[in-house]
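*Asks:* Got a predicted structure here, sequence first:
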Amino acid sequence: MDSPDLDLDAESLPRALEAPGDVLASRNVRYEIVAVGGSALLLLGLINRATRDLDVLGLVEAGQIIRIDALPAALQEAAVDVARVFGLGGDWLNPGPAALVDLALPEGFVARLETRRFAGLAIHLASRRDQIAFKLYAAVDQGPESKHTADLRALEPSGEELRWAARWVRTHDPSEGFRSELLRALSQFGVDSDGTF
């Protein structure tokens, strides 16, 4: 019987990332990726809950974020090797949220990225401010009991930060139904609409 996949926490996540970084460097291959979500928040020290994966928003090439639908072959091979050694799920490193690149990332997103380097792998982490926007979007989509709402609470956003995030979120879903859910989510944080979303 197979054992369940292990979670990544603040101690195991950096170790798991060092491994593919070392493998890539030994093969003289380097990648730069942008990460969002729970693992990015763990690497920034902003939350302490465990997570199952690291969400890759895209690759960085010549200072630009490039959307990917699958990891490059060398990175995928390194990730699979690490999954086997560490007991992680096969998709622990995945481009799940890559569709965010198709719409528009929050203004100034690239300038706010924070970087962690693991030999042949550089990980650019979405800033706390941008994570607030992404987590608000996900919290509206998945509801008040979701991990995204819990993460958003852990980020302790101000009213101004949530209003800024809400304006970005509305660019991704301008429907009235989504707006109603957005207002409901904001009210849980004591924030009312200022009439701009």
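*Replies:* The structure has been received and is ready for your questions. Everything numeric in this text was worked out from a predicted model, so none of it was measured.
*Asks:* When you work out contacts or count neighbours from here on, use the C-alpha atoms and nothing else.
*Replies:* Fine.
*Asks:* Any idea how far the strand ranked longest in the chain is from the middle of the chain?
*Replies:* As assigned by DSSP state E, the longest strand anywhere in the chain is strand 54-61. A distance of 9 Å separates the centroid of the chain from that of strand 54-61, by C-alpha atoms, centre = their mean, to the nearest Å.
*Asks:* what does stretch 186-197 give?
*Replies:* 24 Å.
*Asks:* Endpoint to endpoint, that stretch covers what distance?
*Replies:* 11 Å (C-alpha to C-alpha, to the nearest Å).
*Asks:* quick one on the thing from earlier: need the residues that contact the longest strand of the chain.
*Replies:* 31-40, 65-68, 92-101 (C-alpha atoms under 8 Å, 6 or more residues apart in numbering).
*Asks:* Check stretch 171-181 too.
*Replies:* Stretch 171-181 is contacted by residues 103-104, 140, 170, 197 when judged by C-alpha under 8 Å, 6+ apart.
*Asks:* one more time with 6 Å, if that's ok
*Replies:* Residues from elsewhere that reach stretch 171-181 (C-alpha atoms under 6 Å, 6 or more residues apart in numbering): V140.
*Asks:* And it, end to end?
*Replies:* 15 Å.
*Asks:* from the chain's centre, how far out does it sit?
*Replies:* 22 Å.
*Asks:* Then stretch 78-91?
*Replies:* With C-alpha atoms, centre = their mean, you get 19 Å for stretch 78-91.
*Asks:* Sort out which residues of it are buried, please.
*Replies:* Buried residues in stretch 78-91, counted by 16 or more other C-alpha atoms under 10 Å: 78-83, 86, 88-91.
*Asks:* Could you pull up the contacting residues of the residue nearest the centre of the chain?
*Replies:* Most central in the chain under C-alpha atoms, centre = their mean is V36, positioned 1.5 Å from the mean C-alpha point. Going by C-alpha under 6 Å, 6+ apart, V36 touches 55, 126.
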